[in-house]
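# model the structure of this input:
(one chain, ligands or ions: 1)
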Amino acid sequence: MSKVPPIILNNGIEMPQLGFGVWQVPDDEAERAVATALESGYRSIDTAALYENEVGTGKGIAASGIDRDQLFVTTKLMSTDQGYDRALRAFDASLERLGLDYVDLYLIHWPVPSEDRYIDTYKAFEKIHADGRAKSIGVSNFLPEHLERLIDATSVIPAVNQIELHPHLQQRASRAYHAEQGIATEGWSPLGQGKGLLEVPAIVAIAQKHGRSPAQIVLRWHIQLGNVAIPKSVTPARIKENINVFDFELDPEDMAAISALNEDRRLGPDPAEM
Ligand code: NAD
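Numbers count the residues shown, from 1 in each chain. Next up, the predicted model:
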């Protein structure tokens with residue numbers, strides 16, 4: 001079984017470079033999917049209040065019998081719960097649904113600049129962090145302009161920004177800004193949601209060359225860029241395939257061929273509008 005190497009966050013905490021995402025997994029299937037992922041060697045799980053599967057995710061974690069300190073659990077604050085007091089209450093509710101007494105990473109799911117509450121929200125996150133109930137705090141879908149404002153107005157630099165990232169949307173400006181600020185880049189929809197990306201001829205050719213699947217090639221590209229990736233699947237064979245990316249390497253030509261696929265094309269919403 002491959003062991004997932006960690007990256008070191010800006011607070012010294014280790015985060016597995018590959019995790020398991022559970023968006024769109026119904027609550028009553030999450031327990032089994034999470035259990036399969038943990039049996040397959042994943043130690044990092046990415047859920048959110050919005051996914052309505054924190055209960056099933058928590059059950060999968062509990063059933064695994066793996067020591068809590070060996071796991072890295074992320075959840076996220078729903079946009080409708082932004083604001084200082086609401087965020088504190090929403091966090092309590094997430095912990096309760098997960099059946100945990102702390103999370104490893106708590107993220108603001110979307111900036112929602114039109115409502116302008118992410119600074120107050122993040123101040124609640126700083127309190128949760130100071131109380132030891134979220135070992136790391138961060139954001140998701142923040143543009144550099146949102147991060148800049150946040151960093152000016154608060155004291156804990158986000159450990160992570162989780163953003164849509166795949167070969168068709170390579171996010172070079174955000175990645176460069178994160179690197180400058182010491183913020184880890186975590187890619188969501190790392191496989192481009194399994195849609196056309198895995199049939200792109202350049203990726204299929206690299207897959208044939210290495211005797212790997214297109215999904216493994218794309219995940220390996222994320223790993224070699226130094227990002228965190230959180231692929232999702234409910235199919236046991238794919239769950240296993242997606243973590244089996246630590247025993248081969250893409251060469252510089254492969255990396256360049258994938259880098260040439262950028263189209264700045266989003267699958268999800270534009271954070272400036274969410
Ligand atoms: P993904 O890129 O991980 O693609 C998942 C889909 O790809 C699967 O449903 C399946 O159809 C296909 N797939 C998976 N493994 C495959 C394989 N080995 N071969 C062929 N096809 C395969 O997309 P995602 O679920 O959108 O993103 C992953 C995770 O990112 C989510 O589960 C969630 O945890 C997180 N996420 C976060 C946000 C956010 O706003 N922060 C938004 C979307 C997703």
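
# how about the closest residue to E14 other than its chain neighbours, phi and psi?
Using Cβ to Cβ, 6 or more residues apart in numbering and skipping the chain neighbours, the partner closest in space to E14 is P6 (3.7 Å). All C-beta atoms are positioned from the backbone trio N, CA, C, and that covers glycine. The phi/psi pair for P6 (degrees, to the nearest 10) reads phi -90, psi 160.

# what pLDDT does P6 get?
pLDDT for P6: 97.

# which ones are touching it?
Neighbouring residues of P6 by Cβ atoms under 8 Å, 6 or more residues apart in numbering: E14, M15, P16, Q17.

# ok, which residues in the stretch 151-274 of the chain are in contact with the ligand?
Selection of the stretch 151-274 of the chain residues close to the ligand by Cβ under 6 Å from any ligand atom yields 162, 188-194, 198, 213, 215, 230-233, 238, 241-242, 268.

# which residues touch the longest helix anywhere in the chain?
Looking across the chain with DSSP state H, the single longest helix is helix 84-98. Here helix 84-98 makes contact (Cβ under 8 Å, 6+ apart) with 47, 49, 54-55, 57-58, 61, 73, 75, 77-78, 81, 101-103, 106, 120-121, 123-125, 127-128, 133-134.

# now the angle from whichever helix or strand comes after that helix to helix 84-98?
Toward the C-terminus, helix 84-98 is succeeded by strand 103-108 as the next helix or strand (DSSP states H and E). Here strand 103-108 runs at an angle of 140 degrees relative to helix 84-98 (axes from the mean of the first three to the mean of the last three Cα atoms, to 10 degrees).

# distance from the chain centre to the very next helix or strand once past strand 103-108, please.
Where DSSP H and E defines the elements, the next helix or strand beyond strand 103-108 is helix 118-130. With Cα atoms, centre = their mean, to the nearest Å as the basis, helix 118-130 stands 19 Å off its chain's centre.

# what helices or strands is helix 118-130 leaning on?
helix 84-98, strand 103-108, strand 134-140, helix 144-153 (3 or more Cβ pairs under 8 Å, 6 or more residues apart in numbering; DSSP states H and E).

# flag every buried residue along that helix.
By 16 or more other Cβ atoms under 10 Å, the buried positions in helix 118-130 come out as Y118, D120, T121, Y122, A124, F125, I128, H129.
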